[in-house]
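Enquirer: Need a 3D model of the following:
(one chain, ligands or ions: 2)
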Amino acid sequence: MCKLKNTAALSPKILIDSIENQKMAQVTPLKAEILLATRVQEMVLHGKDPPQPYKCREAESTKTDSPPLAEIPTIDLSQISSPHSHAQAELGRLKSALCSWGSFQAVGHGISSSFLNEMRQVAREFFEQPMEEKARYAKGVTEMEGYGADPVPEEGQPLDWQDRLFLDVYPHDKRNPKFWPEKPASFRRLLEECTEKMRVVIEVVSKAMANSLNIEENCFLNAFGERATLQARFNYYSRSQFPDLVLGIKSHADGSGYTFILQDDVEGLQVLKNDCWYTVPVNPQAILVLMGDQMEIMTNGIFKSPVHRVLTNSERERISIAVFYTPEPGKEIGPVDGLVDEDGNVLYKKMKDYGTIHWDYYQKGLRAIHLAQI
Ligand SMILES: O=C(O)CCC(=O)C(=O)O
Ligand SMILES: [Fe+2]
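Expert: Ligands and ions are numbered 1, 2, ... in the order given. Coordinates of the predicted model:
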């Protein structure tokens, strides 16, 4: 069965990456700031091996049989919103998925497969453009929004084998048009449309989750607030000749309320469950819905925010689009009414701007959820 050498990610207080890995990263000859000025895609194009800070895994510990597939349930959202008797059964499956995997594959979400394909295609076309074109949207090393790599992490933390474009997409006044690509020509229109479509899905999913817990249907929508944010992250994972040594994204749980992930047809995303990494199967019609820490807090720990990571491979690059749905800035969140039992058992505190705290910890390779636990 699955033997996981590094179980640190299970404990919120412990470093996600092993001590050995950090030691490796500390002997780096080049600072991360300098390394991050060159994109992973460029390194691959020029046949460069990953510099030390990208090597965050121990080859020996990763040479196992191919990891098992995650049996994450597929939930038909169109069944849930229909008046038929299937709805109750589907709600039961939804609850069970979120209590065990913290995630489900949403189908029947109302977004056509052709639109999902267009989104994947435009993401691919963006990254396949010459570096000069993408550099028009480049971010500074400490900034979040824009094209490039995540902000420089804490000294000694590994770097991700990926390039990404990160954009604030909702509310509209949060948008920063200077980071919105003009090429491919359809990029802005598609992202605009995608945002509107995702907002519809958010309403359906948020209500379904509340109904599955027998609590007031709008309670999550209200808890997130009218100015809850949507941020889109286009991930491009280049091929790697050293898939056993690098990670596309290091182990983490999302700081969002919850996250939508559109995968392409290349596997790579893994979730951690019972000490074991499971590969999330690809399903071109499905949108993967993954709980973030803030839904774990709001459900008083009933829904789980799963630790996940992305592997790379030597044969094909991989693309994904993650859309993070996060409570309105400055809004206090905590376990919602109806999920605190009669004895008043509250496991999580009320918190504001958890996302910011989460990010500070993420940059150190730590989880922040323990700060919300009583
Ligand atoms: O690429 C993926 O499938 C997951 C990406 C992810 O975990 C993230 O962007 O937070
Ligand atoms: Fe994530």
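Enquirer: hey, which helix or strand in this protein has the poorest pLDDT?
Expert: helix 19-26 (a mean of 41; mean pLDDT, DSSP states H and E).
Enquirer: List the buried residues of the helix or strand following that helix.
Expert: Next helix or strand after helix 19-26 toward the C-terminus (DSSP states H and E): helix 32-35. For helix 32-35, burial by neighbour count (16 or more other CB atoms under 10 Å) applies to 32, 35. The C-beta positions use only the backbone N, C-alpha and C, and glycine is treated the same way.
Enquirer: So what touches helix 32-35?
Expert: Residues from elsewhere that reach helix 32-35 (CB atoms under 8 Å, 6 or more residues apart in numbering): 51, 53-54, 141, 152-153, 155, 157, 159.
Enquirer: Any chance of TSV for those, columns pLDDT and neighbour count?
Expert: Putting those into TSV (pLDDT from 0 to 100; neighbours: other CB atoms under 10 Å) gives the following:
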residue	pLDDT	neighbour count
Pro51	83	16
Pro53	87	24
Tyr54	91	23
Val141	81	15
Val152	87	18
Pro153	90	20
Glu155	88	13
Gln157	90	24
Leu159	93	25
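Enquirer: ok, those vs Leu221, which is closest?
Expert: Distance to Leu221, by CB to CB, is smallest for Pro153 among the contacts of helix 32-35, at 33.6 Å.
Enquirer: pretty sure the closest one is touching Leu159, no?
Expert: Yes - using CB atoms under 8 Å, Pro153 is in contact with Leu159, at 7.3 Å.
Enquirer: okay, now Gly257: neighbour count?
Expert: Neighbour count of Gly257, defined by other CB atoms under 10 Å: 28.
Enquirer: If you could redo that for Ile374, that was the one I meant.
Expert: For Ile374, the neighbour count with other CB under 10 Å is 8.
Enquirer: swap in Val246?
Expert: Considering only other CB under 10 Å, Val246 is surrounded by 25 other residues.
Enquirer: could I get the contacts of helix 32-35 as a markdown table with secondary structure?
Expert: Converted to a markdown table, the contacts of helix 32-35 look like this (DSSP: H, G, I helix; E, B strand; the rest coil):
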| residue | secondary structure |
| --- | --- |
| Pro51 | coil |
| Pro53 | helix |
| Tyr54 | helix |
| Val141 | coil |
| Val152 | coil |
| Pro153 | coil |
| Glu155 | coil |
| Gln157 | coil |
| Leu159 | coil |
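Enquirer: Using JSON lines, please lay out those together with distance to Lys95.
Expert: Shown next, in JSON lines, are the contacts of helix 32-35 (distance: CB to CB, whole Å):
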{"residue": "Pro51", "distance to Lys95": "45"}
{"residue": "Pro53", "distance to Lys95": "41"}
{"residue": "Tyr54", "distance to Lys95": "39"}
{"residue": "Val141", "distance to Lys95": "42"}
{"residue": "Val152", "distance to Lys95": "40"}
{"residue": "Pro153", "distance to Lys95": "36"}
{"residue": "Glu155", "distance to Lys95": "42"}
{"residue": "Gln157", "distance to Lys95": "36"}
{"residue": "Leu159", "distance to Lys95": "38"}
